[in-house]
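**Q** Pasting a predicted model and its sequence here:
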Amino acid sequence: MATTTLNVTTVKPLADRVFIKVSAKEEKTAGGIFLPDTAKEKPQVGEIAAVGPGKLDDKGERLALEVKVGDKVLYSKYAGTDLKLGSDEYVLLAEKDILAIVS
């Protein structure tokens, strides 16, 4: 999936979307071999940078998200939209694509 580069200072997710700062990719294997960018796996762990207000239910009430800013999460490998702000990489995805909160 292609990464979109944005020249903005603020990103505010809508509904049940979350904005995640992607953790650094592995630079070398367990055996000590350095990996080129083309061989690196897409990270699945990141820290939540922003959350939307929540999804509306059938009665028009907001459903609160289970995650909050600062949580470290594991998310689906091919979920969301990859974004680059400056030198940092982010992913914008729906809360349902988050698999777990990790510590």
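**A** Arrived safely, thanks for sending.
**Q** burial of residue 95, as a residue count?
**A** 20 (other Cβ atoms under 10 Å). Where C-beta positions appear, they are placed from N, C-alpha and C, glycine not excepted.
**Q** Please, where are all the strands along the chain?
**A** Along the chain, the segments classed as strands by DSSP state E run 4-6, 17-22, 45-51, 55-56, 62-63, 72-75, 81-85, 88-94, 98-102.
**Q** Averaged pLDDT, the fourth one. What do you get?
**A** Think strand 55-56. The average pLDDT for strand 55-56 rounds to 94.
**Q** same check, this time on the first one
**A** For strand 4-6, the per-residue pLDDT values average out at 76.
**Q** repeat for the third one
**A** The average pLDDT for strand 45-51 rounds to 96.
**Q** my guess is residue 48 meets residue 65, correct?
**A** No. Counting by Cβ atoms under 8 Å, residue 48 does not reach residue 65; the two are 9.3 Å apart.
**Q** ok, back up a step: out of the strands of the chain, which is closest to residue 31?
**A** Counting by Cβ to Cβ, residue 31 lies closest to strand 45-51 out of the strands of the chain; the figure is 21.6 Å.
**Q** thinking again about what came up before, any residues in contact with both of residue 48 and residue 65?
**A** Residues touching both residue 48 and residue 65 (Cβ atoms under 8 Å, 6 or more residues apart in numbering) are residue 18.
**Q** residue closest to the middle of the chain?
**A** For the chain, the residue sitting closest to the mean C-alpha position, by Cα atoms, centre = their mean, is residue 20 at 3.1 Å.
**Q** Contacts only, for that residue.
**A** 46, 47, 48, 49, 73, 75, 80, 90, 91, 92, 93.
**Q** Check the residue found closest to the first one once you drop the neighbours it is linked to in the chain and give its pLDDT.
**A** Put plainly, it is residue 46. Of all residues not flanking residue 46 in the chain, residue 20 sits nearest, at 4.0 Å (Cβ to Cβ, 6 or more residues apart in numbering). pLDDT, residue 20: 96.
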